[in-house]
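Visitor: Next comes the sequence, and after it the predicted model I'd like to discuss.
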There are 2 protein chains.
Amino acid sequence: MPSIVALCGGVGGAKLAYGFARVLPSHDLAVIVNTGDDFEHLGLRICPDLDTVMYTLSGVDNRDTGWGRAAETWAVMDEVGRLGGETWFKLGDKDLALHLLRRQLLDGGERLTIVTRQLAARLGVQSDILPMSDEPVRTIVETAEGDLAFQDYFVRCHCEPQVTGFRFEGAVQATPSPEVQAALSDPEVRGIVICPSNPYVSIGPMLAIAGIRERLERTSVPIIAVSPIVAGRAIKGPAAKMMAELGGPVSGLLVARLYRELIDGMVLDEQDHALVGQRRDDDPRLFVAPTVMRTSEDRVALARECLRLLDELR
Amino acid sequence: MPSIVALCGGVGGAKLAYGFARVLPSHDLAVIVNTGDDFEHLGLRICPDLDTVMYTLSGVDNRDTGWGRAAETWAVMDEVGRLGGETWFKLGDKDLALHLLRRQLLDGGERLTIVTRQLAARLGVQSDILPMSDEPVRTIVETAEGDLAFQDYFVRCHCEPQVTGFRFEGAVQATPSPEVQAALSDPEVRGIVICPSNPYVSIGPMLAIAGIRERLERTSVPIIAVSPIVAGRAIKGPAAKMMAELGGPVSGLLVARLYRELIDGMVLDEQDHALVGQRRDDDPRLFVAPTVMRTSEDRVALARECLRLLDELR
């Protein structure tokens, strides 16, 4: 069993997961990853968050874009475009190699969890990267311009439509995989960390699955979250824009309140120290740390700080 | 309706089809293509002969290899190999673009015939390239080392095992597509040409489909075949080796006899002029022409000669 279980979406969450992978012994980290962004495209199963986590933990990620692989080439996509195919979702040549292997493994009847473990192993990843469910859950962004499948909102519409809500199709029927159930049910785990990921569309889909939410509510293991909002802005992605459009004050404190029933502590960025004074009695405990991860050393330092806090909360 | 209907496999047949496409008006050629070599690989539907014909007619084919595209790159395949995936079947980056579009169109529920027409149109091909059937037919090569799926025999085993026979799984149940039925049933067609393709594994799978064989037997339209065997050797591929292993004399005359009940005339290469003297009364009429197609001009010249013979036989 892993000693740390991290829950995350793509970029920001993957960075903290990388920090944990660096400071923990091999095989001592399980990362439960959002699959609400997954979709079928060009006949392939695209799992953006799983891939970002796999690429980040294996060190082949593209740190400039925050998605895809480093030193990527685009021969296939260029030709897809010349043949009149869809090119709005960019799939590089190296990335496509992984997608072909995933398609082949899925066509062979394997569960996404097993397929992901095999792909991660081929990338040399020693942490256990777990899709939140082997069953499909699809995030729908409800906007002033109508409902949008997540990738339509995120990539095609550049997050421009005003958000009014979210829906997670399939979440009611979905169960966490046996591997996720085990990771969230083990009282020996040192701690559970909700990474600095978008609370609505990265962590939200997981919490919409009763089998995940209830295990988080019930566990005796300490749970902390790290705010993806720093000084009123998201480090990357639409979290702050969504929060504003839904009427909130854009702050890490609001994120803490979204997770109120689940977490034992919330890590705010040092820039948001003043928020600690706004804490109400029914809010989670608030901690302050440098959460902006520009370098690998930043990631490792934040992971160490999370481990310290979890041990303090235990 | 087309004026010429050509039946072919890959390389050699595609060259003659190219000749017809050059000498006939647009949309005046239908090419019925073997799909017995098709298989699923890396989650994609691979149709080697359809692709060779499409690439050849669109002029993007690789004339050095005889398969795949010119100016090809290998970024995806290289990465598939690094990730421990299968690389025995080479799929170039440009080639993969077509395969992704095919997968997407097939996943959308289209018949292979419609998918192929859409892909050919994107490649700028004006001839009608028709899979022999929308239903799966799979060529099995029976060898001294056991049964081999065609690509295992052809690519993985380099055609080395000794052939004892062939089997076409699914052929008994398969029907030609409505488009193939129409092309082979139209008495107004100027002629039908069996291209210089392997009689066993390129033309054989078509003839194993009763709905194709019976239409060829019944039609009043003249049918000629062009021998793929020249001076006792195949221009490309294992046809001569197979013919020898099955005990035949390796010659265009044997090919004529394999097609005896279907064709009105057989075109032998000029190097095989002496075979004409070996003709028996129940053999098809034998003609002689330069059949080796080294250049585009050779292809065009052979196509013109075929048209002349068809008109003579009409």
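Guide: Yes, it's here.
Visitor: Note down every partner strand of the lowest-mean-pLDDT helix or strand in chain A and its orientation.
Guide: Least confident helix or strand of chain A, by mean pLDDT, DSSP states H and E, is strand A:233-234 with a mean of 92. Strand A:233-234 pairs in its sheet with strand A:229-230 (antiparallel), by DSSP bridges.
Visitor: what residues does the least confident helix or strand of chain A touch?
Guide: For strand A:233-234, contacts defined as C-beta atoms under 8 Å, 6 or more residues apart in numbering or on different chains pick out A:Asn198, A:Pro228, A:Ala240, A:Lys241, A:Val250. In short, each C-beta sits where N, CA and C put it, glycine included.
Visitor: Return the residues of the stretch 1-150 of chain A in contact with chain B.
Guide: A:40-44, A:73, A:75-80, A:82-85, A:93-94, A:96-98, A:100-104, A:106-107, A:119, A:122-123 (C-beta under 8 Å from any C-beta of the partner chain).
Visitor: again, 7 Å this time
Guide: Within the stretch 1-150 of chain A, the positions near chain B by C-beta under 7 Å from any C-beta of the partner chain are A:42-43, A:73, A:75-76, A:79-80, A:83-85, A:93-94, A:96-98, A:100-101, A:103-104, A:107, A:122.
Visitor: Count residues in the vicinity of the nearest residue to A:Glu72 once chain neighbours are set aside, would you?
Guide: Closest residue to A:Glu72 apart from its sequence neighbours, by C-beta to C-beta, 6 or more residues apart in numbering or on different chains: A:Gly92 at 3.6 Å. Using other C-beta atoms under 10 Å in any protein chain shown, A:Gly92 is surrounded by 24 other residues.
Visitor: wait, what's in contact with A:Gly92?
Guide: By C-beta atoms under 7 Å, 6 or more residues apart in numbering or on different chains, the contact set of A:Gly92 is A:Gly68, A:Arg69, A:Glu72, A:Thr73, A:Trp74.
Visitor: and the third one, helix, strand or coil?
Guide: Pointing back at A:Glu72 there. coil (DSSP: H, G, I helix; E, B strand; the rest coil).
Visitor: Have a look at chain A and report its longest helix.
Guide: helix A:296-313 (DSSP state H).
Visitor: quick one: contacts of that one?
Guide: Contacts of helix A:296-313 (C-beta under 7 Å, 6+ apart): A:15-16, A:18-20, A:22-23, A:190-191, A:193, A:222, A:224, A:226, A:264-265, A:267, A:287, A:289-293.
Visitor: at 6 Å what do you get?
Guide: With C-beta atoms under 6 Å, 6 or more residues apart in numbering or on different chains as the contact definition, helix A:296-313 has outside contacts at A:15-16, A:18-20, A:22-23, A:191, A:193, A:222, A:224, A:264-265, A:287, A:289, A:291, A:293.
Visitor: Now intersect those with the strands, please.
Guide: A:Gly191, A:Val193, A:Ile224, A:Gly265, A:Phe287, A:Ala289 (DSSP state E).
Visitor: Closest to chain B out of those?
Guide: Nearest to chain B among the ones in strands among the contacts of helix A:296-313 is A:Val193, at 29.0 Å by C-beta to the nearest C-beta.
Visitor: Dig out what the closest one forms beta bridges with.
Guide: A:Ala6, A:Ile224.
Visitor: Could you check which residue of the stretch 101-250 of chain A lies nearest chain B?
Guide: Counting by C-beta to the nearest C-beta, the stretch 101-250 of chain A gets nearest chain B through A:Arg103, at 2.9 Å.
Visitor: quick one, what contacts that residue?
Guide: A:Leu44, B:Gly43 are the contacts of A:Arg103 under C-beta under 6 Å, 6+ apart.
Visitor: Could you list the domains of chain A?
Guide: A:4-137+A:169-313, A:138-168 (automatic domain parsing).
Visitor: Distance to B:Asp186 for the ones you listed - can I get that in CSV?
Guide: Shown next, in CSV, are those (distance: least, C-beta to C-beta, whole Å):
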stretch, distance to B:Asp186
domain A:4-137+A:169-313, 31
domain A:138-168, 45
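Visitor: winner for burial among those?
Guide: Sort those by mean neighbour count, taking mean count of other C-beta atoms under 10 Å in any protein chain shown, and domain A:4-137+A:169-313 sits at the top with a mean of 20.
Visitor: Can you show me the strands along chain A?
Guide: A:4-8, A:29-33, A:39-41, A:44-46, A:128-131, A:138-143, A:146-149, A:163-169, A:191-194, A:223-226, A:229-230, A:233-234, A:265-269, A:285-289.
Visitor: List just the one of the ones you listed that sits closest to B:Leu246.
Guide: strand A:44-46 (42.0 Å; C-beta to C-beta).
Visitor: And the contacts of that closest one?
Guide: A:Phe39, A:His99, A:Arg102, A:Arg103, A:Leu106.
Visitor: Mind listing the residues bridging to the closest residue to A:Val230 other than its chain neighbours?
Guide: Leaving aside its sequence neighbours, A:Val230 sits nearest to A:Asp269 (C-beta to C-beta, 6+ apart; 4.1 Å). Applying DSSP bridges to A:Asp269 yields these beta-bridge partners: A:Ala289.
Visitor: Compute the distance between A:Asp269 and A:Val288, please.
Guide: Noted for A:Asp269: a distance of 7 Å to A:Val288, by C-beta to C-beta, to the nearest Å.
Visitor: try A:Gly68
Guide: The separation that A:Gly68 has from A:Val288, given C-beta to C-beta, amounts to 33 Å.
Visitor: same thing with A:Leu309?
Guide: Taken as C-beta to C-beta, the span from A:Leu309 to A:Val288 is 11 Å.
Visitor: before we move on, what about A:Gly237?
Guide: A:Gly237 is 22 Å from A:Val288, by C-beta to C-beta.
Visitor: and if you look at A:Glu245?
Guide: 27 Å.
Visitor: same question, A:Gly170
Guide: The value you get for A:Gly170 to A:Val288, if C-beta to C-beta is used, is 38 Å.
Visitor: With A:Pro205 instead?
Guide: 28 Å.
Visitor: Repeat that for A:Arg260.
Guide: From A:Arg260 to A:Val288 the distance is 18 Å (C-beta to C-beta).
Visitor: Check the closest residue in space to A:Leu246 that isn't next to it in sequence and give its pLDDT.
Guide: The shortest distance from A:Leu246 to any non-neighbouring residue, by C-beta to C-beta, 6+ apart, is to A:Val163 (6.5 Å). pLDDT for A:Val163: 97.
Visitor: Would you agree A:Val163 is in contact with A:Met242?
Guide: Yes: contact criterion C-beta atoms under 6 Å: A:Val163 and A:Met242 qualify, at 4.9 Å.
Visitor: Pull up the gap between the residue nearest to A:Val230 and chain B, please.
Guide: 37 Å (C-beta to the nearest C-beta, to the nearest Å).
Visitor: My read is that that residue contacts A:Pro228, right?
Guide: No: assessed by C-beta under 6 Å, A:Asp269 is found out of contact with A:Pro228, at 9.8 Å.
Visitor: pLDDT weak spots in the stretch 101-250 of chain A?
Guide: Scanning the stretch 101-250 of chain A for pLDDT under 70 picks out nothing.
Visitor: related to what we said a few turns ago, of all the domains of chain A, which lies closest to B:Asp152?
Guide: The nearest among those, by C-beta to C-beta, is domain A:4-137+A:169-313 at 16.6 Å.
Visitor: I'm done for today, thanks for sticking with me.
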